[in-house]
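Student: Predicted model follows, preceded by the sequence.
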Amino acid sequence: ITAGTKVTLLDDNNQSVKEVKARDLSGQSELLFRRNSTSGAVECKTNRSAVELNEALHSNN
């Protein structure tokens, strides 16, 4: 994504909130960018899902 790319911000229900330039989102954490396969628009929504590692799979024994 380049600084001038127009990005549609989505709410938790995947509804369009507003359109901004990517440079306005620079440096922000926990954002998920995706391209809408129907319209081709670049969309952005928060990505706040918690990630926990499975200890059994990640043990070094």
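Tutor: Thanks, I have the structure now. Numbers count the residues shown, from 1 in each chain.

Student: can you pull the contacts of Ser29?
Tutor: Ser29 makes contact with no residue, according to C-beta atoms under 8 Å, 6 or more residues apart in numbering. Backbone N, C-alpha and C define where each C-beta goes, glycine included.

Student: let's number from 20 now, not from 1
Tutor: Sure thing, new numbering starts at 20, so read that last one as Ser48.

Student: From Leu28, how far out is Gln34?
Tutor: Separation of Gln34 from Leu28 (C-beta to C-beta, to the nearest Å): 10 Å.

Student: who's more crowded, the two?
Tutor: Using other C-beta atoms under 10 Å as the criterion, Gln34 and Leu28 rank with Leu28 on top: 17 against 8.

Student: Would you mind naming the helix or strand containing the more buried one?
Tutor: Per DSSP states H and E, Leu28 falls inside strand 25-29.

Student: any idea of the angle the helix or strand that comes right after that strand forms with strand 25-29?
Tutor: Counting by DSSP H and E, the next helix or strand C-terminal to strand 25-29 is strand 35-40. For strand 35-40 against strand 25-29, the angle between stretch directions is 150 degrees (axes from the mean of the first three to the mean of the last three C-alpha atoms, to 10 degrees).
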